[in-house]
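1. Quick one, structure for this:
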Amino acid sequence: MNVLIISPTQSGIGGISQHVQGLKFFLEKHQHQVEIISSENTFTIPIKKLKNPSFMVSSYFKSKFKKNQDIIHAHNIPAALAMKNASGKKILSLHGIFSEQINELHGKQTGNISKKYEKKALNWADAITVVSKEAYDYYTNLGYNVFQIPNAIDFSSLTSKIDRRYEKQIIFVGRLSREKGIDNLISISKKLSNDIHLIILGTGPEEQKIIDLVKNYKNIHFFGYQKKEETISLIRGSDILIQPSLNEGISSTILEAMACKTIVITTNVGGNKELIINEETGFLLSINSDLFIEKINYIFTHQEISEKIINNAFQFVEQYDWNEVGKKYLKLYEKLLN
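-> Residues are numbered from 1 along each chain as shown. So this is what the prediction gives:
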């Protein structure tokens, strides 16, 4: 089977790029031919409001020359125009509720425009997939036939190396942007006791805020972008992963933390509610820095409860291995081709 994947990104620590990397690895392991069109191999303008539009145009022209493809698999709305232009059965995978994400990032006016375009894009696909139940309910209520296939992780690729730098170590891993709750992260950071060290991994448009933050706090450490192996080893070495997102699909970072036996504290938004059963597989909180601080302190003083949550989370996350999730994509591909 020949599969053309079209995605705004295929590298880095973002959720979509990790999903694309995992899907490509799974398909190739099962002897399928995979090619990717992304911002990394097309022309894009590296300015916030121009990056996606420039990718849409350049990927549109590039996809026209891709022949003999069985499946065209686009990830998120910016990849839909190129999907429409390519020859093959078309799947559009949504990693969240797109128009709401745009509304959060760029304001209501841009969000309303994206909503109209999103409606057109959805009608170009032969099949639509979403990663979370929240997105499934949203698009189903709009009248679309939607398949829910979650994000996944490759357990076999996770390094067993443990990188613990501090006695009490917590970590944030993700894109440094507004929707990931960077302002919340900063607020939490300022309230940590001095013996608890926070490591921040990632890059993004809010990076300067983090650089300015660490200048004033000896227990906050910014490591920027790290390769996958180092990221996983730092997660394994941490007691807690915090993720104060404003919205979220099915977070690969949360899945990885659960697989690494690191306790997760996150916000009760989007797909987080599917992964975290409060006080059973992690902690699910409203967007409030004081609540995050309270739970961080609680975990460090209640080791027995922490061990129970770690074990529950590890058992729960096994269903999100690519060996299981990848089969769902293959089944959908085969259904479209038959």
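2. all strands in this structure, in order from the N-terminus.
-> Using DSSP state E, the strands of the chain run over 2-6, 33-37, 71-75, 89-94, 127-130, 146-148, 169-173, 197-201, 220-224, 240-243, 263-267, 283-285.
3. Format the ones you listed as JSON lines; extra columns: mean neighbour count.
-> Heads up, the C-betas are built off the backbone N, CA and C, glycines and all. Shown next, in JSON lines, are the strands of the chain (neighbours: other CB atoms under 10 Å):
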{"stretch": "strand 2-6", "mean neighbour count": "23"}
{"stretch": "strand 33-37", "mean neighbour count": "18"}
{"stretch": "strand 71-75", "mean neighbour count": "28"}
{"stretch": "strand 89-94", "mean neighbour count": "24"}
{"stretch": "strand 127-130", "mean neighbour count": "22"}
{"stretch": "strand 146-148", "mean neighbour count": "18"}
{"stretch": "strand 169-173", "mean neighbour count": "24"}
{"stretch": "strand 197-201", "mean neighbour count": "22"}
{"stretch": "strand 220-224", "mean neighbour count": "16"}
{"stretch": "strand 240-243", "mean neighbour count": "26"}
{"stretch": "strand 263-267", "mean neighbour count": "25"}
{"stretch": "strand 283-285", "mean neighbour count": "22"}
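4. Export these as CSV, with columns for distance to residue 321 and mean pLDDT.
-> Below are those laid out as CSV (distance: least, CB to CB, whole Å; pLDDT from 0 to 100):
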stretch, distance to residue 321, mean pLDDT
strand 2-6, 20, 97
strand 33-37, 19, 97
strand 71-75, 20, 97
strand 89-94, 18, 97
strand 127-130, 18, 97
strand 146-148, 17, 96
strand 169-173, 20, 98
strand 197-201, 23, 98
strand 220-224, 27, 97
strand 240-243, 19, 98
strand 263-267, 18, 98
strand 283-285, 23, 97
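5. Determine which of those approaches residue 17 most closely.
-> Across the strands of the chain, residue 17 has its closest neighbour in strand 71-75 (9.2 Å, CB to CB).
6. Quickly run through the sheet partners of that closest one, with directions.
-> Strand pairing for strand 71-75, determined by DSSP bridges: strand 2-6 (parallel), strand 89-94 (parallel).
7. May I have the residues that are in contact with residue 252?
-> 15, 18, 19, 151, 152, 153 (CB atoms under 8 Å, 6 or more residues apart in numbering).
8. Columns distance to residue 210 on top of the strands of the chain, output as JSON lines?
-> Output for the strands of the chain, formatted as JSON lines (distance: least, CB to CB, whole Å):
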{"stretch": "strand 2-6", "distance to residue 210": "31"}
{"stretch": "strand 33-37", "distance to residue 210": "30"}
{"stretch": "strand 71-75", "distance to residue 210": "27"}
{"stretch": "strand 89-94", "distance to residue 210": "29"}
{"stretch": "strand 127-130", "distance to residue 210": "31"}
{"stretch": "strand 146-148", "distance to residue 210": "34"}
{"stretch": "strand 169-173", "distance to residue 210": "9"}
{"stretch": "strand 197-201", "distance to residue 210": "6"}
{"stretch": "strand 220-224", "distance to residue 210": "5"}
{"stretch": "strand 240-243", "distance to residue 210": "14"}
{"stretch": "strand 263-267", "distance to residue 210": "19"}
{"stretch": "strand 283-285", "distance to residue 210": "21"}
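9. ok, back up a step: mind putting the strands paired with strand 71-75 into a markdown table with distance to residue 144?
-> Shown next, in a markdown table, are the strands paired with strand 71-75 (distance: least, CB to CB, whole Å):
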| stretch | distance to residue 144 |
| --- | --- |
| strand 2-6 | 20 |
| strand 89-94 | 10 |
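10. And the ones you listed: which comes nearest residue 192?
-> Residue 192 lies closest to strand 89-94 among these, at 35.4 Å (CB to CB).
11. CA-only coordinates of the closest one in CSV, if you can.
-> Output of strand 89-94 as CSV, limited to C-alpha atoms (Å, rounded to 0.1, in the frame of the first residue of the first chain):
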residue,chain,number,x,y,z
LYS,A,89,-8.6,7.8,-1.1
LYS,A,90,-8.6,10.7,1.3
ILE,A,91,-8.5,10.7,5.1
LEU,A,92,-8.5,13.9,7.2
SER,A,93,-7.4,13.4,10.8
LEU,A,94,-8.2,16.2,13.2
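12. what distance separates that strand from the centre of its chain?
-> The chain centroid and the centroid of strand 89-94 are separated by 18 Å under CA atoms, centre = their mean, to the nearest Å.
13. What lies in contact with it?
-> Residues outside strand 89-94 that contact it (CB under 8 Å, 6+ apart): 19, 70-77, 79-80, 83-84, 121-122, 124-131, 135, 139, 149, 332-333, 336-337.
14. Pull out the buried members of those.
-> Neighbour-count burial (16 or more other CB atoms under 10 Å) applied to the contacts of strand 89-94 gives 19, 70-77, 79-80, 83-84, 121-122, 125, 127-131, 135, 139, 149, 332-333.
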